[in-house]
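**Q** The sequence isn't on hand, but the structure is:
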Ligand SMILES: NC(=O)c1ccc[n+]([C@@H]2O[C@H](COP(=O)([O-])OP(=O)(O)OC[C@H]3O[C@@H](n4cnc5c(N)ncnc54)[C@H](OP(=O)(O)O)[C@@H]3O)[C@@H](O)[C@H]2O)c1
């Protein structure tokens, strides 16, 4: 199997590295400093499965034109703000790709891909696996879930290409599932990300030393979290879905949906207390982007909920406020 990753930063390097380690022929298209470091020393991955250095089955290039040969799968993994530029730079790859997917946090990604390549080549994909580019040549893998990635045909049918990719990810230690409801999984992941990211960037960043746990254990922090999550869930449910907690153990959407406001606040404070007792200090990547002074994916993540809420006649004032605050900050953050 040959896989090309367009935009190998944190997540793309982790996924590409693990796939290469299990014999998949992987090409990473990445920034020059990362490519140079990989060519010199291999790709170093640290984190949840210890440390490894990968050289075998791994090619790193700085441009799509240098990615040689035919690929079974092309995975788009630039940040959403870079999608158009990355696709424009990769037109030479188009006829050399059988199947294309994106693991970005952008609900419109499949439509964008289907405008770029033959629509039938595009499949749906969602992951919660966590990867951060620590420095050129070194990615850290800090998050995984019981099932960490989902793949599916956008029309809900089953297919061999989805099955093969699911098996390759699972063999690589990224436990995955082939599903017939990938559009629902996409919206549920977006609900989860919008909730955790929107909450953290509107609560914590004024004090750079704070982590998720530091805010959620405080009553007012938990109240803001529950209010934001219940508003996001109102849109998700109005689309015809019921929360499933696809990304267990991180998903708590089912609980927050079924509990009253006060019960959900109490339960969220309990999560904070548990995180504190177990020294779980993590941040959402949107919070990290903000702390690094980098433009966030706030527009792509919150806008779809605001548009859908308007369409469906729902009121989501807290989500709208978070989006407005982030739009101001994004205006000044660097691209
Ligand atoms: N990381 C996670 O844990 C995680 C989990 C689930 C989903 N996601 C989603 O996955 C996407 C990628 O996230 P990420 O954290 O991996 O981002 P990232 O670390 O910023 O990786 C993207 C990489 O692509 C590079 N890039 C941009 N345009 C390029 C081009 N035309 N050619 C080659 N390289 C290019 C970027 O370089 P520059 O930085 O120089 O622009 C960056 O190194 C996002 O949509 C994110 O929401 C991430």
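**A** Done, it's in. Just so it is clear, the structure is predicted and the values come from calculations on it, not from any experiment.
**Q** how close does residue 144 get to residue 63?
**A** According to CB to CB, to the nearest Å, residue 144 stands 31 Å off from residue 63. Where C-beta positions appear, they are placed from N, C-alpha and C, glycine not excepted.
**Q** And the two? Which one has more around it.
**A** Neighbour totals were compared for residue 144 and residue 63, and residue 144 leads with 21 against 13 (other CB atoms under 10 Å).
**Q** Test my guess that the more buried one contacts residue 129.
**A** Yes. Look at residue 144 against residue 129 with CB atoms under 8 Å: they come within range, at 5.6 Å.
**Q** what touches both of the two?
**A** residue 174 (CB atoms under 8 Å, 6 or more residues apart in numbering).
**Q** how's the chain carved up into domains?
**A** Residue ranges for the domains of the chain, per automatic domain parsing: 2-180, 185-332.
**Q** Ends of the longest one, what's the gap?
**A** Its first and final residues considered, domain 2-180 spans 24 Å by CA to CA, to the nearest Å.
**Q** how many other residues sit next to the residue lying closest to residue 100 once chain neighbours are set aside?
**A** Leaving aside its sequence neighbours, residue 100 sits nearest to residue 74 (CB to CB, 6 or more residues apart in numbering; 4.7 Å). Neighbour count for residue 74, taken as other CB under 10 Å: 28.
**Q** do the same with residue 270
**A** By other CB under 10 Å, 13 other residues sit near residue 270.
**Q** Quick check: buried residues in whichever strand or helix holds residue 257?
**A** Assigned by DSSP states H and E, residue 257 belongs to helix 253-258. By neighbour count on 16 or more other CB atoms under 10 Å, the buried set for helix 253-258 is 253, 255, 256, 257.
**Q** Could you provide those residues in a markdown table, with additional columns for pLDDT and distance to residue 334?
**A** Below are those laid out as a markdown table (pLDDT from 0 to 100; distance: CB to CB, whole Å):
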| residue | pLDDT | distance to residue 334 |
| --- | --- | --- |
| 253 | 97 | 33 |
| 255 | 96 | 38 |
| 256 | 98 | 34 |
| 257 | 98 | 37 |
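**Q** now, among these, which is nearest to the ligand?
**A** Nearest to the ligand among these: residue 253, at 16.6 Å, using CB to the nearest ligand atom.
**Q** Contact partners for that closest one?
**A** Applying CB under 8 Å, 6+ apart, we find residue 253 in contact with 188, 191, 192, 195, 229, 233, 236, 243, 245.
**Q** how does it look with 6 Å?
**A** Contacts for residue 253 (CB atoms under 6 Å, 6 or more residues apart in numbering) come out as residue 243.
**Q** Roughly how far does it sit from residue 48?
**A** Residue 253 is 23 Å from residue 48, by CB to CB.
**Q** hang on, the earlier thing: out of the domains of the chain, which is the most enclosed?
**A** Ranked by mean neighbour count, the domains of the chain are led by domain 2-180 with a mean of 19 (mean count of other CB atoms under 10 Å).
**Q** residues in the protein within reach of the ligand, list them.
**A** Along the chain, the residues adjacent to the ligand under the rule CB under 6 Å from any ligand atom are 7, 9-12, 29-31, 77-80, 82, 85-86, 89, 103-105, 127-131, 133, 285, 297.
**Q** and if we set it to 5 Å?
**A** Proximity of the chain to the ligand, by CB under 5 Å from any ligand atom, involves residues 7, 9-11, 29, 31, 77-80, 82, 86, 89, 104-105, 130-131, 133.
**Q** Among those, which are located in strands?
**A** With strands taken from DSSP state E, the overlap with the residues of the chain next to the ligand comprises 29, 130, 131, 133.
**Q** Let me know the helix or strand that the closest residue to residue 178 other than its chain neighbours is in.
**A** Distance criterion CB to CB, 6+ apart; nearest residue to residue 178, sequence neighbours excluded, is residue 166 at 4.3 Å. Per DSSP H and E, residue 166 falls inside helix 160-171.
**Q** and residue 155, how far is that from residue 270?
**A** Residue 155 sits 41 Å away from residue 270, going by CB to CB.
**Q** Apologies, that question was intended for residue 145.
**A** With CB to CB as the criterion, residue 145 and residue 270 are 20 Å apart.
**Q** Contacts only, for the closest residue to residue 229 other than its chain neighbours.
**A** Distances taken as CB to CB, 6+ apart place residue 195 nearest to residue 229, at 4.3 Å, with adjacent residues excluded. Going by CB under 6 Å, 6+ apart, residue 195 touches 228, 229, 232.
**Q** Would you format the residues you listed as TSV with secondary structure and pLDDT included?
**A** Shown next, in TSV, are the contacts of residue 195 (DSSP: H, G, I helix; E, B strand; the rest coil; pLDDT from 0 to 100):
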residue	secondary structure	pLDDT
228	helix	98
229	helix	98
232	helix	98
